[in-house]
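In: quick one, structure for this:
(one chain, ligands or ions: 2)
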Amino acid sequence: MTVESLPNGVAEHSSFEKHAEKLLAQRVVLKFGGTSIGKFASQIADICLSSLSENKIAVICSARSGLSKAEGTTNRLLKASREAAKPDSTKCDAIVSQILHEHISAVHFKSTELSQRLQRAMTTECRKLSNMLATMPKNGQVSPENEDEVVSVGEKLSAQFLSMLLEDYGVDSEYVDLSDIIHFEVLSGLNQDFYQDLAQAIGRRIQLCGEKVPVITGFFGRVPGGLLKNCGRGYSDLCAALVAVGLGAQELQVWKEVSGVYTADPRKVPTARLLSSIHPNEANELTFYGSEVIHHFTIEQCIPKIPIRIKNVLEPEGAGTIIFLDDRAKTDPYHHQRPKRPTAVTVKQQITVVNVHSHRKVESPEFLAEICKILARWSLAVNLFELNECHVSLAVHSKTPFIKGAEAQDPDDLQIQHQDLANAIQELKEYGAVDVVHNMAILSLIGLQLKRSIGIAGRMFTALGDNNINIEMISQGASEINISCVIAEREALRALNVVHTDLFTFLE
Ligand SMILES: Nc1ncnc2c1ncn2[C@@H]1O[C@H](COP(=O)(O)OP(=O)(O)O)[C@@H](O)[C@H]1O
Ligand SMILES: N[C@@H](CC(=O)OP(=O)(O)O)C(=O)O
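Out: Ligands and ions are numbered 1, 2, ... in the order given. The predicted structure follows:
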């Protein structure tokens, strides 16, 4: 229909134009986390409706969690896959029944027909899961491919749920399963070419939905070597980024239960302030050093093309925090002359410090090379590294650092990681005297402005010293936007508040 063919005057014309604009407009991609889907499904439906009135949208879902991620569907599925690999396990059916029961009890639709359709679809999905678990090899090992296939059921269930919920709200929607989207050749591993091809494949698949709102699994496969193994938990953020790139979206919105990125974790620092924007490098550094607001692969994929906005499902009208390249300097000529201050402070707990004093039986370069080889052999990710020719101090996280939501990991995994650390320490002893200090934390001050400011590090260390907080190790310079130090874990919360008060509240 053309504008001229519209039967009546201006009102129709403007509503037509609005419709045409919407058709031509780039999409907004909305990603919802598992706990939000578990606790706030009706708010999510309202958010989608409100966004739809202005934009074309695409929706990505993580697997449903009840009250916490630790008790969420993904954790239950991981447990089921481990159980299925045992020769004598009898627990799989009970886990699958519990997952199905939790999903079915969350369905409170107006339409009985839709409720029944969804219940049937979810029952079929869980029956397929049971069969899959029953036929898995019983050799105590779960292959990455089998683990992925089991875990993907979480996102399949939640995306089907949300798609039908939107239907129940009168929105024409389509469930999109990306668990078998990879049908192109993966030539050399999961590099940027792979992610580019994947984003294009995802974009093509979603375009098939036409005018329907795509509700997409936050899980994509079949990833060579496994999605979980390659990307870790929190992969739905990455999936959302690829959807956004594949669609050339105008913005990726990651909806959470916090209003955005704050100057410190708002659950730990009551005076923390919401940041209206944050540079991608700062956001990545925050994620790595304990403020896991978003999986860092997400940022890598979206930036510089697509801005990411963190928003709160419980406060949808808030602007949230935008993660994008810093153009404040362009729009605000006085930006660089203002008092230099850090952007945020964060703390990473469960750190072990390992000090190795060389017994000088090998030359210094060999000593350092051997230490690095041992760390690589036991897959230990070192958060801080301090060295001179015959002494090395390492701050190691007892959990794999890039895993968002690592606190939700299974105790078995943690046991393996502790064992890896113990094995590494044993090998390090061949090269020197080793002492190990457990129960430490890394406190990090983060900000692009740090490289241009004088005296901030001194001020941070003085604030800690004035409050009798002992500093075990200092790192400044490896990253020019981060000043970190190691302190006792029992002081972590107090240190965070002390530094926040001194550098964010008083440094105005
Ligand atoms: N600087 C920070 N700004 C905002 N949230 C932070 C920060 N540091 C840590 N967090 C924590 O990150 C979490 C992110 O929100 P949440 O909705 O709980 O995550 P998810 O969607 O992964 O379940 C919150 O628990 C919050 O306390
Ligand atoms: N369900 C997956 C993926 C994910 O991203 O979860 P969430 O969006 O709830 O953090 C996990 O638990 O890791």
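
In: could you measure from residue 344 over to residue 266?
Out: Separation of residue 344 from residue 266 (Cβ to Cβ, to the nearest Å) stands at 11 Å. In this view, the C-beta of every residue, glycine as well, is placed from N, C-alpha and C.

In: higher neighbour count, those two?
Out: When residue 344 and residue 266 are compared for neighbours, residue 344 comes out ahead with 25 against 16, by other Cβ atoms under 10 Å.

In: give the bridge partners for the more buried one, please.
Out: residue 446 (DSSP bridges).

In: these two touch, right, it and residue 449?
Out: No: between residue 344 and residue 449 there is no contact under Cβ atoms under 8 Å: 11.3 Å.

In: pick out the residue in the stretch 1-150 of the chain sitting closest to ligand 1.
Out: Closest to ligand 1 within the stretch 1-150 of the chain is residue 33: 3.1 Å, counting by Cβ to the nearest ligand atom.

In: burial measure for that residue, as a count.
Out: Residue 33 has 26 nearby residues by other Cβ under 10 Å.

In: what's the closest non-adjacent residue to it?
Out: residue 62 (5.1 Å; Cβ to Cβ, 6 or more residues apart in numbering).

In: so residue 387, which state does it fall into?
Out: strand (DSSP: H, G, I helix; E, B strand; the rest coil).

In: same question, residue 394
Out: Under three-state DSSP, residue 394 comes out as strand.

In: quick one: residues contacting it.
Out: Contacts for residue 394 (Cβ atoms under 8 Å, 6 or more residues apart in numbering) come out as 353-356, 375, 380, 382, 384-386.

In: residue 49 now?
Out: 169, 171.

In: could you redo the last one with a cut-off of 10 Å?
Out: Residue 49 makes contact with 57, 166, 169-171, 213, according to Cβ atoms under 10 Å, 6 or more residues apart in numbering.

In: and for residue 235?
Out: 62, 74, 148, 151, 155, 218-220, 223, 227-228, 295, 297-298, 403-404.

In: out of those, which is most surrounded?
Out: Going by other Cβ under 10 Å, residue 62 tops those with 32 neighbours.

In: how about the CA coordinates for stretch 236-247, as PDB?
Out: Presented in PDB, the C-alpha positions along stretch 236-247 are these (Å, rounded to 0.1, in the frame of the first residue of the first chain):
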ATOM      1  CA  SER A 236      23.600 -16.600  25.900                       C
ATOM      2  CA  ASP A 237      25.100 -13.100  26.000                       C
ATOM      3  CA  LEU A 238      27.400 -14.200  23.200                       C
ATOM      4  CA  CYS A 239      24.500 -15.700  21.300                       C
ATOM      5  CA  ALA A 240      22.600 -12.400  21.700                       C
ATOM      6  CA  ALA A 241      25.600 -10.500  20.300                       C
ATOM      7  CA  LEU A 242      25.700 -12.800  17.300                       C
ATOM      8  CA  VAL A 243      22.000 -12.300  16.700                       C
ATOM      9  CA  ALA A 244      22.500  -8.600  16.900                       C
ATOM     10  CA  VAL A 245      25.400  -8.700  14.400                       C
ATOM     11  CA  GLY A 246      23.600 -11.100  12.100                       C
ATOM     12  CA  LEU A 247      20.600  -8.700  12.000                       C
END
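
In: that stretch near ligand 2 at all?
Out: Yes: applying Cβ under 6 Å from any ligand atom, one finds stretch 236-247 touching ligand 2 at 236-237.

In: anything in that stretch near ligand 1?
Out: No: shown here: stretch 236-247 not in contact with ligand 1 (Cβ under 6 Å from any ligand atom), separated by at least 8.4 Å.

In: let me know the average pLDDT across that stretch.
Out: This predicted structure assigns stretch 236-247 an average pLDDT of 98.

In: off-centre distance for that stretch?
Out: On the basis of Cα atoms, centre = their mean, to the nearest Å, stretch 236-247 sits 12 Å off its chain's mean C-alpha point.

In: spell out which parts of the protein neighbour ligand 2.
Out: Counting by Cβ under 6 Å from any ligand atom, the chain sits next to ligand 2 at 33-34, 62-63, 69, 72, 74, 154, 218, 233-237, 404-405.

In: those helices in the stretch 401-508 of the chain, which residues are they?
Out: Counting by DSSP state H, counting those that start in this stretch, residue ranges of the helices within the stretch 401-508 of the chain are 411-428, 456-466, 492-500.
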